[in-house]
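S.K.: Any chance you could fold what I've pasted below:
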Amino acid sequence: MQVISSSRSEWIAPFTGLEPGQFRTLVRVVAQRGGDAIADGRPGRQWRLSLPDRVLLVAVYWRTNLTMRQIGPLFGVSHSAAHRVVDSLGPLLALAPVRKRRIDQVAIVDGTLVPTRDHRVAARSKNHRYSTNLQVAIDADTRLVIATGDPQPGNRNDCTVYRDSGIAERLAGRPVMADGGHQGNPGVIMPYRKPRDGTELPTW
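M.R.: Predicted coordinates for the structure are as follows:
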């Protein structure tokens, strides 16, 4: 039994963060990029889910971080079918990379913990799961992702991962804003903190 469907617009915003009009535009873009192709490219084998529902499945997966075994039942398919949907449509939802960016473009960086089963790159972190710390940079104006760092063990703090993941090099030469967890990295713009001796911040 399918629980979530794109035919019911009330499900779209809570699970994807998109308005119904934005979602319909996304479906049209995916269709233009070949999203209507049959399953696995095998002649005669059609997808069980319609294209809008498959796009919704991918958007829900990316937005909620649910596992395939959780996503599958929500859409009335097996976890392996959900995995095939993400693998086939995921690349079609990606934005084309911008070849040249303004040098004065301000980037905002933060780390996010991504659960993963691969213990070679993961460690127990504050979310009590084996995770990796992934540094993500967005454009301050458009809020689009412009760079990511290489995954690091989830028990490492943002300050260290920012230096070790390679994202500092990818953002070299442009202004970078981050939260207080990135202190210790010269050149990163961070909020002013109250001095450790307890004195108040200047009025300005």
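S.K.: Residue 135: what's it in contact with?
M.R.: By CB atoms under 8 Å, 6 or more residues apart in numbering, the contact set of residue 135 is 109-111, 148-149, 158, 161-162, 165, 167. Using the backbone N, CA and C atoms, a C-beta is placed for each residue, glycine as well.
S.K.: from these, which ones fall inside strands?
M.R.: Judged by DSSP state E, strands contain the following of the contacts of residue 135: 109-111, 148.
S.K.: In JSON lines, list the contacts of residue 135 along with neighbour count and distance to residue 19.
M.R.: Putting these into JSON lines (neighbours: other CB atoms under 10 Å; distance: CB to CB, whole Å) gives the following:
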{"residue": "109", "neighbour count": "24", "distance to residue 19": "27"}
{"residue": "110", "neighbour count": "16", "distance to residue 19": "25"}
{"residue": "111", "neighbour count": "25", "distance to residue 19": "28"}
{"residue": "148", "neighbour count": "16", "distance to residue 19": "26"}
{"residue": "149", "neighbour count": "23", "distance to residue 19": "31"}
{"residue": "158", "neighbour count": "23", "distance to residue 19": "32"}
{"residue": "161", "neighbour count": "24", "distance to residue 19": "34"}
{"residue": "162", "neighbour count": "28", "distance to residue 19": "33"}
{"residue": "165", "neighbour count": "22", "distance to residue 19": "33"}
{"residue": "167", "neighbour count": "23", "distance to residue 19": "31"}
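S.K.: out of the residues you listed, which one sits closest to residue 60?
M.R.: residue 148 (21.0 Å; CB to CB).
S.K.: all strands of this protein, in order?
M.R.: Assigned by DSSP E, the chain shows strands spanning 107-115, 123-124, 130-139, 145-148, 152-153, 176-177, 188-189.
S.K.: How far off centre is the longest one?
M.R.: For strand 130-139, the distance from its own C-alpha centre to the chain's C-alpha centre is 8 Å (CA atoms, centre = their mean, to the nearest Å).
S.K.: thought residue 11 was touching residue 5?
M.R.: Yes: assessed by CB atoms under 8 Å, residue 11 is found in contact with residue 5 at 6.8 Å.
S.K.: Need the residues touching each of the two.
M.R.: Common neighbours of residue 11 and residue 5, using CB under 8 Å, 6+ apart, are residue 56.
S.K.: distance of residue 114 from residue 53?
M.R.: For residue 114, the distance to residue 53 (CB to CB, to the nearest Å) stands at 25 Å.
S.K.: Give me the more crowded residue out of those two.
M.R.: More crowded of residue 114 and residue 53, by other CB atoms under 10 Å: residue 53, with 20 against 17.
S.K.: so which of the strands of the chain gets nearest residue 89?
M.R.: Closest of these to residue 89 is strand 145-148, at 18.0 Å (criterion: CB to CB).
S.K.: Could you work out the most separated pair of the contacts of residue 135?
M.R.: Maximum distance among the contacts of residue 135 (CB to CB): 13.7 Å, for 148 and 158.
S.K.: domain assignment for this protein?
M.R.: Structural domains assigned to the chain are 9-93, 107-189, following automatic domain parsing.
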